[in-house]
Structure formats: structure tokens, C-alpha cells
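[1] sharing a model prediction with you, sequence too.
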Amino acid sequence: MTRVVTKIGLALLLPLVLFGVWWFATANSQNFYVPPLSEILRTFPEVWTRDRLRADVLPSLIRLAVGYTIAVLAGVSLGVLVGSNRRVRAVLEPVLEFFRAIPPPVLVPVIMLFAGIGDTMKVVVIAAGCVWPILLNTVEGVRAVDSVLADTCRSYGITGSSRVRHLVLRSASPQIAAGMRQALSIGIILMVISEMFAASNGLGFTIVQFQRSFAIPDMWSGILLLGLLGLTLSILFRLVESWALRWYHGQRRAQRGPS
Amino acid sequence: MLLDVRGLKKVYEGRQRPVEAVRDLTFGLDAGDLVCLVGPSGCGKTTLLRCMAGLLTPTAGEVWLRDKRVTSPPPGMAVVFQEYGRSLFPWMSVRDNVELPLRNKGVARRLRQDLVGRALASVGLADAHHAYPWQLSGGMQQRVAIARAVAYQPDVLLMDEPFAAVDAQTRADLEDLIRDLWRKLGVTILFVTHDIDEAVYLGQRVIILSSSPTVVREVLDVDLPDRRDQLTTRSDSRFTELRSHVYAQIQAAKRESTVGSHDAARPTDLAKQVLQ
Amino acid sequence: MTRSLWGKPAVLGLSGLAGLLLLVEVLPYSGVVSADFLPPTHRIAVALAKELATGAFWSALWDTLVAWAIGLVIAVLAGIAAGIVIGAVPVLRALTASTIEFLRPIPSVALIPLAVLLYGTEIQSTLLLVVYASFWQVLIQVLYGVQDVDPIADETARSYGLGTLARVRYVLWPTALPYVMTGVRLAAAVALVLAITAELVIGAPGLGSRIAVAQSSNAVPNMYALIAVTGLLGVAINLAARGIERLLLSWHQSVRGEVLV
């Protein structure tokens, strides 16, 4: 546990350093569009009051959470199905790779056709964008289940849902986690973009509003908040992942040997 | 007869032509036997074991376990593989690893814990319940795999060159462990190995296989005393005689190019190719 | 286990694609989705053909590729330079050692409003986003590569009197090269995504803005056709990047794998 905490501590050190660089780089800025960091920090608490956080940031996060969860459930279950059958995988692989290659924000206009401009649209956009890395990584993870372990399960009569639970999912979990990681980045991007397109509240919406009304320090404070959000989610993800996959990290450390 | 192999035959559809890995294997094990299977490399030992374990369907012939034909992995069998590192679940502790087959079988909790505890104690890992497999040495990992098989209380224990990947000293310890478990628990064991010394040291009988396409070359009775140990048994003159005999047989098997009705060019290499 | 034609993965894959086209053709007619929202394949194909015949399409494609390429090159050079500098200076390297995963503080899309203010709908808007996002991809991979340098090799080089520059050239660079290639490949994919995004949201010239125009003028088949083009573009870039990577690293491929971040 201390190892992870140290990592987190060191992790925060770098953003702090970057912060410092930002501060000094913009300290005497005369540019209207790039104000000094000190000014941004000053407006930060004025802009992001508890009310605003609740009215704008919370809805964004909820949409992200719902869309992401749908993507995880759909991606993992479909991934297990596709990955378990060699034929199915061969048939679907090019199609899936094609869909993955489509830049996620492009989905927004498409989904707007089907789902309008409300919360549903945003959740669907996030889910539709996040599902691909999870799906493809799950397929890969399922494919790479160790053959000796699979034989062991067969010989002990561990089949069916028991096999999926104890062998397939656990074995593929490092790959699934990597896919979930990529999906998280995509999710944040889509959360913001879908709100820039059409919304009445939300973090992305608010930042765009500030931009349109030329409230520059406010806009920057929003950008900063978005950055902090990304960082926080990233750290949370890391914490959960290193706990859930401690067997994997332990095994890799053991394999790498004392260094 | 507990385990009955009759006329087992396996032909692989190779890329260019079919490869006859195993031609005709017939032998049997009675309850409580410890039989070793030995043969030149590439003679289809793994194929045979997989057919017996129900992991592979033979082209012809049958395997019978306790009057039931083996078509898929039967519940009365446990297998210990050579690659111990890959046969244990790295996300589970040692105890959970040993417990999983029992849980899956639906064994009651109290009984499960009892079996697991005794199995781990019998392989000398009573203190390692909460360790993870990758924290253990190779020999210890193989012990976990053996404990898992023992806890399962199978009718027959199949072991596929289980000690090939451990160092010599560990191997000696594990060999003694097998004999120990065999005597104490009365498990029926079929032990496949390429190590001639090991086969003679362990077994009551040694089945010597020919090279591919494989048939049984000879079934040798090992008339060494029941109580064996690494030092005295291995320097026993009868041991030396037996192992020399087995060695000679294997060398002869390697020399004989058993030209079958199918391909003959390096059948062992082709079989390896197909098996991969 | 006969290897019939139907067993080959390429054939199966093609059949999958064919199946997709068939599905999109049939769905609108079946009533599950309205043809207004999902036009059948043949209508999309016709729209695509029309697009390919329009000069504006090709100039939009060109704009996208130019922005992509310029942004990528800048990002790669900056990323490699920054990565090497950080890698060569022990203090900086220690600082970043454990924090590489967190080196993407601000999601690139957050910079969209800023880009709009600074550059409007000029290509620089696109470049701002592309360079920013791609830079981090390259930098992270380069740092992984730097971290992978064998300290013994480095010590040996130093004991032979090799200065910093020489060590960078003979020890650091060869170790980092596979990671750099991975970084370039990932950056290439990200660069495309950001280029299209910038064009879509901001309106800078390119395929993205063409999609936005198609959407607002309700030319739905055109929209789908253009989206398909972006997908194909993404696939092409990915294949090209992997091909180049294999070529340059044919001596190294077996040793390195992708570091998933």
C-alpha cells in the first residue's frame, strides 16, 4: 500500500512542477487570451462555487459515469463472446477495427440524429465511443488465455460460467484494464465535446459559454478544472487498478527479478 | 482394472500429410498402482496422456476409467502438468488454487477446508496457504499443483513429466514426495517421464514405448523393494540392471525407424510440428 | 482440420465487412431504424461516389492530412527532444520516473475554446490541438524508453569517457527507438482524431468541418460517407505506422512490446 501512496505522491509532484512552469511562463503575460496563472487561480474559487459545481460539474460526471459503465458492461460481455470463438473473432475483427478507427467525436452528429440533444444523446455518445477499446482489448485478453491453464480447467471440470468467471475474465483482466484506461480518456473527451455541441449544463458547456462571452480567466479556470478532473480520475483509476490487479503486478515484478 | 487403455491410436492431419503419432497402445492400471511411462522424445507421450485425460479425442481405440468410457475429462481424474507456472491461477492464493476444483465440484465448505488443509500439509506447504504461486519457487509451485490434485481425491492421477522443469535436487525431493503420497493415500498414479532413472526409481512397473508411430515396446516389472530412497536404491545393483535394460530398449527404439504405412521422414519432428 | 477457403481469416474478415454492408442496407428497410437516420448502404455509396467527384472533398481531405502531418511532425520532434532532455538529466528523470502515467494533465479538447479565441477557424487551431495531444503520446513513450536504458550499459559508457551527447547517441537512442516508434504510431492515431475533432467542432478546414456541414444541411448519406472515409483513413494510418515500425525495427521487434498507457 505504501508503494502506491508513494507513487501517488510522486505523481502529484510532476503536475506541481508543471504548474510552477506555467506560473512563471505566464507571470507577466500581456496577452488578453493568455492571462497569468495567478489571475486564473484567483478567479477559480469565484467561478467554481458549490452551486456551480453541483449544477454543472456533477451532471457531466454522472453522464460520464453512466456512459462509461454501459461501455464496460457491453464491451466486456461482447468481448468475451467474440474472443472465445476463433471463427467469430476472425469475421468481426476488421469490422471492429474499422469502428475503432473512427474518431469518436464524429459520432456526435450521428447519434444526435437518433437521440436528439438531451442527456440520452450524451450518454450514448460516451458509451459508443468508450466501448471500442474495451471490446477490442477484451477480445485480445480472452484470446490470450494460457493454454495450460485452460487444459487444467478442462481436466478439473471447470466449464461454462464458472470457467468464464474464474479463468477467462481474471486472465484477461490486465488487458481489459488497459482498454478501460483508454476508454476513460475517450470518455472525458466525449463528455466535453457532446456538451460543446448541444447542452444546457455541464463542464464543457460552461467553458464554451465563458469563451463566447470572452470571460477569459473564467474560461481558463474551467480548463484547469477539467485538467484536475482528468488527473483525479486518472489517479482513482490507478488506485483501483493496482488493487484489483495486484496479483498481476506482483507476478510481473517477480518475473522481472530483483533489480 | 481401474484404468484401461485399449488400442489407442492418434493420427494428426498434418499440413501436407497425416502424421501417425500413436499407432496402438494397450495397457492397464489396477487400483493403487504406480506405473511409469517412458519413451524416446517425440514418441507421443503427451498425446497419449491427453487422450487418457479426455483432453484429446483418439482416432481409434478407447480409454476406460472404472467401466466408463473416457470421451471428455472424467471427474475421477486429475492431471499434473509439466509447466507448473502456467497451470496455477496467478490471481489466487495457494489455498484458493487447491480449493477451486473442490468448490466447482460442489463439495461442502467444512469438508473442503479439511481436504485442502490436509493436502497442503501432505506436500509440506502447510505454511503457504496465503502465498501467491509466483511468490514460490518452482518446486513449491509443483507441490501446490500436486496438492490440488490430491485434494481432489481422484481415482487416477496422471502426471505429465511433472519434474522435467525443476532442478535435480528439487526433483529428488519431489520424487520421494510422490512415493510418499502414493503409499499414504493409496492414489493410483500414471507417471509419464523421459527420465529413465526416475521411471525405475518411482514405478512398480515401467511401460516402455517405442518411437513414433508409438506402440508398447515392453512392460517391465520393477522388483525393487517397496521402501526406496535416493541414496541406497539408486546405488542398488538391481536398480542399475533395470535402468540399463530400459536404456537399451529406448536406444533400440530410437534406432529403429518404424516405417509406417504413412510418412516416415522424421516422424518425431513432424509430430512435434503438429502438436504445436 | 482441413484448411478450406472458408477457414482462412482473411476470407472470414472480408465476409464480416460484407455482412456489415448488408446489414446497413437492410436495416433501414426493415423499419427498425428510419431511413432518415440511417440511409441504406447503396445510398451511402452513391453519396460517397459524389463526394469523391467533388473537388471540395479532395481539398478537405488534403487540409486534414496537412494539419495531421504538420502537427504530428512538430509533436514527434518536440516529444523526442523533451524526452531525451528529461532522460539525460538525472533529476528530471527521477521526477518523472513514477509519474509517467499522469503526464496528460489537461484533456486536449479543453483547449478548444482557447484555440477558437486565438486562431478562429484557421489551421493553427487544428495544429494547437493536434500538437498538444500527440506530444504527450510521444513524450510518454520516449520516457518509457529512457527508463528502460540498461544502467550498466550507461555506466560502462561513462567509464569509457563518453560525454552526455555521445551517451545519448550510443546508449539512450537505440534503447529508446522502439518506444519512439510506438509513440509515433499512437501519436499518429491521436493526431487524426484531434484533427478531425478540431475541424468538426471549431470549423477549421478539413474533413471534420465537411461532416459538420453535411450534418447541418441534413445531407445524411453524405455525412455517413464522410465518416466512413475518416474510419478508413484511421485504418490506413494505423497500418502504415505498423508497417514502418516493423520495417525500422525488424531487428528489435521480438524484444519490445507496446507499453499500454
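    Structure's in. What do you need? Numbers count the residues shown, from 1 in each chain, chains lettered A, B, ... in the order given.
[2] grab the most central residue of the chain for me.
    All of this is about chain A. By CA atoms, centre = their mean, the mean C-alpha position of chain A lies nearest to residue A:184, the distance being 0.6 Å.
[3] that was the other one, I meant chain C.
    Most central in chain C (CA atoms, centre = their mean) works out to residue C:189, at 1.0 Å.
[4] surely that one is in contact with residue C:239?
    No. Using CB atoms under 8 Å, residue C:189 makes no contact with residue C:239, being 11.1 Å away. (Glycine included, C-beta is placed from N, CA and C.)
[5] beyond the helix or strand where residue A:17 lies, next helix or strand please.
    Taking DSSP states H and E as the definition, residue A:17 sits inside helix A:2-26. Downstream of helix A:2-26, the next assigned helix or strand under DSSP H and E is helix A:37-47.
[6] buried residues in that next one?
    Neighbour counts over helix A:37-47 (16 or more other CB atoms under 10 Å in any protein chain shown) mark A:37, A:40, A:43, A:44, A:47 as buried.
[7] same check, this time on stretch B:117-128
    Neighbour-count burial for stretch B:117-128 flags B:117, B:119, B:120, B:122, B:123, B:125, B:128 (criterion: 16+ other CB under 10 Å).
[8] same question for stretch B:228-241.
    Buried residues in stretch B:228-241 (16+ other CB under 10 Å): B:228, B:239.
[9] same check on stretch A:25-32?
    Neighbour-count burial for stretch A:25-32 flags residue A:26 (criterion: 16+ other CB under 10 Å).
[10] for it, C-alpha coordinates in CSV please.
    Provided in CSV are the C-alpha atoms of stretch A:25-32 (Å, rounded to 0.1, in the frame of the first residue of the first chain):
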residue,chain,number,x,y,z
ALA,A,25,5.8,31.4,-18.0
THR,A,26,2.7,33.5,-17.9
ALA,A,27,3.5,35.7,-14.9
ASN,A,28,3.9,38.8,-16.9
SER,A,29,1.7,38.0,-19.8
GLN,A,30,0.0,40.9,-21.5
ASN,A,31,-1.9,38.6,-23.9
PHE,A,32,-5.6,39.0,-23.4
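[11] right, quick check: it against chain C, any contact?
    No. Figure legend: stretch A:25-32 not in contact with chain C (CB under 8 Å from any CB of the partner chain); closest approach 8.6 Å.
[12] what's the nearest residue to residue C:133 if we skip its chain neighbours?
    residue C:108 (3.9 Å; CB to CB, 6 or more residues apart in numbering or on different chains).
[13] residues contacting that neighbour?
    Neighbouring residues of residue C:108 by CB atoms under 8 Å, 6 or more residues apart in numbering or on different chains: A:189, C:129, C:132, C:133, C:194.
[14] do the same with residue C:61
    By CB under 8 Å, 6+ apart, the residues touching residue C:61 are C:206, C:207, C:229.
[15] tally of neighbours for the second one?
    Read that as residue C:207. 26 (other CB atoms under 10 Å in any protein chain shown).
[16] ok, and the residue nearest to it when sequence neighbours are not counted, which helix or strand is that part of?
    Using CB to CB, 6+ apart and skipping residues adjacent in sequence, the residue nearest residue C:207 is residue C:64, 4.6 Å away. Assessed by DSSP H and E, residue C:64 sits inside helix C:55-88.
[17] what is the rounded mean pLDDT of that helix?
    Average pLDDT, helix C:55-88: 91.
[18] next one: stretch A:59-77
    95.
[19] buried residues in that stretch, which are they?
    Within stretch A:59-77, the residues scored as buried using 16+ other CB under 10 Å are A:59-61, A:63-64, A:66-68, A:70-72, A:74-76.
[20] same question for stretch C:64-73.
    Buried residues in stretch C:64-73, counted by 16+ other CB under 10 Å: C:64, C:65, C:66, C:67, C:68, C:70, C:71, C:72.
[21] for these, give me TSV that also has distance to residue B:206.
    TSV is the format used below for the buried residues of stretch C:64-73 (distance: CB to CB, whole Å):
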residue	distance to residue B:206
C:64	73
C:65	71
C:66	75
C:67	74
C:68	69
C:70	74
C:71	71
C:72	67
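[22] could you list the low-pLDDT ranges of chain A?
    A:1, A:4, A:7-8, A:10-11, A:257-259 (pLDDT under 70).
[23] and the residue of chain C found nearest chain A, what element?
    Using CB to the nearest CB, residue C:234 is the residue of chain C that sits closest to chain A, at 3.0 Å. Residue C:234 is part of helix C:220-248 when elements are defined by DSSP H and E.
[24] coming back round to it: per-residue pLDDT, the residue nearest to residue C:133?
    Residue C:108 carries a pLDDT value of 85.
[25] so residue B:48 is in contact with residue B:216, correct?
    No. Taking CB under 8 Å as the definition, residue B:48 is not a contact partner of residue B:216, at 10.2 Å.
[26] neighbour-wise, which of those two wins?
    Comparing residue B:48 with residue B:216 by other CB under 10 Å, the one with more neighbours is residue B:48, at 29 against 18.
[27] neighbours of the residue lying closest to residue A:121 once chain neighbours are set aside, how many?
    For residue A:121, the nearest residue in space outside its immediate sequence neighbours is residue A:115; the separation is 4.0 Å by CB to CB, 6+ apart. Neighbour count for residue A:115, taken as other CB under 10 Å: 16.
[28] enumerate every residue touching residue 203.
    By default, I'm working from chain A. Residue A:203 sits next to A:56, A:57, A:60, A:191, A:192, A:195, A:222, A:225, A:226, A:229 when contact means CB under 8 Å, 6+ apart.
[29] um, chain C though
    Neighbouring residues of residue C:203 by CB under 8 Å, 6+ apart: C:121, C:209, C:212.
[30] measure the closest residue to residue B:81 other than its chain neighbours to chain C for me?
    Nearest residue to residue B:81, sequence neighbours excluded (CB to CB, 6+ apart): residue B:87, at 4.6 Å. For residue B:87, the distance to chain C equals 24 Å [CB to the nearest CB, to the nearest Å].
[31] same deal with residue A:125?
    According to CB to the nearest CB, residue A:125 and chain C sit 13 Å apart.
[32] pop out the phi and psi values for residue B:43.
    In terms of degrees, to the nearest 10, the main-chain angles of residue B:43 are phi -90, psi 10.
[33] contacts only, for it.
    Contacts for residue B:43 were tallied using CB under 8 Å, 6+ apart; they are B:209, B:210, B:211, B:212, B:214, B:253, B:268.
[34] count the residues that sit near the third one.
    The number of residues packed around residue B:211, counting by other CB under 10 Å, is 24.
[35] check contacts around whatever residue of the stretch 1-150 of chain A ends up closest to chain B.
    Nearest to chain B in the stretch 1-150 of chain A, going by CB to the nearest CB, is residue A:148, at a distance of 3.8 Å. Residues near residue A:148 by CB under 8 Å, 6+ apart: B:81, B:83, B:86, B:87.
[36] so where do the strands sit in the chain?
    This is for chain A. Per DSSP state E, chain A carries no strands over any range.
[37] actually, chain B is the one I wanted.
    Assigned by DSSP E, the strands in chain B fall at B:3-13, B:18-29, B:34-38, B:60-65, B:68-69, B:77-80, B:156-160, B:188-193, B:205-209, B:214-221.
[38] before we move on, back to that, now do the contacts for the nearest residue in space to the residue nearest to the centre of chain C that is not next to it in sequence.
    The shortest distance from residue C:189 to any non-neighbouring residue, by CB to CB, 6+ apart, is to residue C:238 (6.1 Å). Residue C:238 is in contact with A:97, A:101, C:185, C:188, C:189, counting by CB under 8 Å, 6+ apart.
[39] and whatever helix or strand the fourth one lives in, how far from the chain's centre?
    Element membership of residue C:188, judged by DSSP H and E, is helix C:173-201. Between the mean C-alpha point of helix C:173-201 and the mean C-alpha point of its chain there is a distance of 4 Å (CA atoms, centre = their mean, to the nearest Å).
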